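Peer 1: Pasting a predicted model and its sequence here:
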Amino acid sequence: VAPVTSDIDFLGLTRGADPGSFRFEVAEHLSRMDARLYGGAAIAVSIAAAEEVSERSALWMTTQFVSTAPTGATVDVTAEILAPGRRTNQIRVTGTTADGDTVFASLGATGHHRADGLTGEFENCPQVEAPDAAAESWESPMAALARKAGFEASPFPRDTGFARVVEMRGARIIEHPDPGPGRVCVWVRRRDGAPITPALAAFVADMVPMSVAHAMGVFAGGTSLDNTIRIGTFVDSEWVLLDLRPHAAVGDYGHGTAHVWSADGHLMAVASQTASMRHIDPAMMAAWGKPAGG
C-alpha cells in the first residue's frame with residue numbers, strides 16, 4: 001500500500017474558500033466499529049486543521065465530543081486563531097454537520113519550537129517485547145474477559161473502521177515503571193508504513209476506556225467525552241507503543257492516560273481521556289466471539 005504522505009490526505013480534509021475552513025467525509029477508516037465517527041479521527045482532524053491554518057506545530061489539543069456522525073456524512077470544520085502570537089497561537093476548531101449541529105469542539109495551541117529551548121523527558125518507558133515478537137492478531141483484554149465468560153474470543157477486527165488503516169499487536173509487558181491494575185501496552189503502526197505524526201498519535205491513542213474496564217475486571221465499553229493530547233518531540237518511528245494507564249473510575253465515568261513511545265523508547269506524546277462507561281453483556285457482543293460450542 002502506498003503511504004499517504006500528509007495528515008490532510010490521510011484524513012480526507014479538503015480546504016474551503018475561507019481561511020481556516022475545511023471539510024471531510026466520515027470515511028470507513030475514520031469510523032468506529034459501529035459505523036459512527038471515531039473519536040480519534042475528530043482530534044486528529046482538529047490537529048491537522050490547526051497546524052494548517054497557523055503554519056506551526058501542534059503543542060496540545062483537547063477535543064470535546066458533542067454528538068457523532070454516521071459513516072458517509074460530511075463534517076464542516078472551522079479552525080480559528082483566537083490569540084495570534086509571535087511564537088504561539090491559541091486555536092479553536094469546530095466540526096459541524098450540514099444542518100449546523102456541532103459534532104466536536106476543540107481547543108489547542110500551535111507554536112514554533114526554539115532549537116536551543118528547554119528540552120527533556122521525565123518518564124520511563126515500559127520494557128515490552130518487540131513488535132516482531134508480538135502476535136500479529138491482537139487479542140484485546142475485552143476479548144480475554146469474553147473468553148473467561150465462556151465465549152470464543154475473536155481477534156481484533158482487521159477490516160472494519162479505523163482498523164483498516166492501523167495494525168495493532170499486543171506487547172507483553174516485561175517490566176512497567178508504574179505497575180498497577182489495567183496496564184496495557186500495544187504496538188501500533190499505520191498499515192502503509194508511514195511514520196506516526198502528532199495527529200496520527202492522537203488518532204491511535206483513543207483506547208483508554210478499554211484499560212479502565214480491564215482494571216475493573218469487567219466487560220465494559222466507553223463513550224469518550226473528551227480526548228486530549230500533549231505533544232513532545234516526534235521522531236520517525238514506524239511502530240509506536242501505546243502505554244495505557246487507567247487512573248480512576250467513579251459512577252460509570254472512567255479516566256486515564258496513554259503514553260505514546262517511539263520504538264526506541266522516546267516519549268512523543270501523552271494523551272488522556274474521560275469516558276462514560278457502560279457494562280456490556282458479552283453474549284451481545286458478536287465482535288468478541290460467539291458462545292462456546294455455538
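Peer 2: Thanks, I have the structure now. Numbering: from 1, shown residues only.
Peer 1: elements contacting the helix or strand hosting residue 201?
Peer 2: Remark: residue 201 resides in helix 198-204, with elements defined by DSSP states H and E. Judged by 3 or more C-beta pairs under 8 Å, 6 or more residues apart in numbering; DSSP states H and E, helix 198-204 is in contact with helix 7-11, helix 39-54, strand 57-65, strand 220-231, strand 240-250, strand 267-279. C-beta coordinates here come from the backbone N, C-alpha and C atoms, glycine included.
Peer 1: For that helix, which outside residues touch it?
Peer 2: Applying C-beta atoms under 8 Å, 6 or more residues apart in numbering, the contact partners of helix 198-204 are 7, 10-11, 38, 40-41, 43-45, 47-48, 51, 57-58, 61, 162, 166, 188, 190, 196, 227, 229, 231, 234, 240, 242, 260, 268-269, 271.
Peer 1: Recalculate using a threshold of 7 Å.
Peer 2: 7, 40-41, 43-44, 47-48, 58, 61, 166, 188, 190, 227, 229, 231, 234, 240, 242, 260, 268-269, 271 (C-beta atoms under 7 Å, 6 or more residues apart in numbering).
Peer 1: same question for that helix, mean pLDDT?
Peer 2: Throughout helix 198-204, pLDDT has a mean value of 96.
Peer 1: Need the CA coordinates for that helix. PDB is fine.
Peer 2: In PDB, the C-alpha atoms belonging to helix 198-204 read as follows (Å, rounded to 0.1, in the frame of the first residue of the first chain):
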ATOM      1  CA  PRO A 198       1.100  14.100  16.300                       C
ATOM      2  CA  ALA A 199      -2.300  13.900  14.500                       C
ATOM      3  CA  LEU A 200      -1.900  10.200  14.000                       C
ATOM      4  CA  ALA A 201      -0.700   9.600  17.500                       C
ATOM      5  CA  ALA A 202      -4.000  11.200  18.700                       C
ATOM      6  CA  PHE A 203      -5.800   9.100  16.200                       C
ATOM      7  CA  VAL A 204      -4.500   5.800  17.600                       C
END
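Peer 1: quick revisit: of the helices and strands packed on helix 198-204, which approaches residue 19 most closely?
Peer 2: helix 39-54 (6.7 Å; C-beta to C-beta).
Peer 1: so that closest one versus strand 220-231, what angle?
Peer 2: 20 degrees (axes from the mean of the first three to the mean of the last three C-alpha atoms, to 10 degrees).
Peer 1: and helix 39-54, what does it pack onto?
Peer 2: Applying 3 or more C-beta pairs under 7 Å, 6 or more residues apart in numbering; DSSP states H and E, we find helix 39-54 packed against helix 7-11, strand 57-65, strand 74-84, strand 88-96, strand 102-111, helix 198-204, strand 220-231.
Peer 1: Give me the residues contacting it.
Peer 2: With C-beta under 7 Å, 6+ apart as the criterion, helix 39-54 contacts 7-8, 11, 13, 19-20, 22, 24, 30, 57-58, 61, 63, 65, 77, 79, 81, 89, 91, 93, 95, 104, 106, 108, 110, 162, 198-200, 202-206, 224, 227, 229.
Peer 1: Please indicate which of those are buried?
Peer 2: 7-8, 11, 13, 20, 22, 24, 30, 57-58, 61, 63, 65, 77, 79, 81, 89, 91, 93, 95, 104, 106, 108, 110, 162, 198-200, 202-206, 224, 227, 229 (16 or more other C-beta atoms under 10 Å).
Peer 1: Can you name the residues bridging to residue 166?
Peer 2: Beta bridges link residue 166 to residue 190 when assigned by DSSP bridges.
Peer 1: didn't it look like it was pressed against residue 186?
Peer 2: No: using C-beta atoms under 7 Å as the test, residue 166 is too far from residue 186 to be in contact (10.2 Å).
Peer 1: what about those two, which has more around it?
Peer 2: Legend: neighbour count by other C-beta atoms under 10 Å for residue 166 and residue 186, higher for residue 186 (23 against 19).
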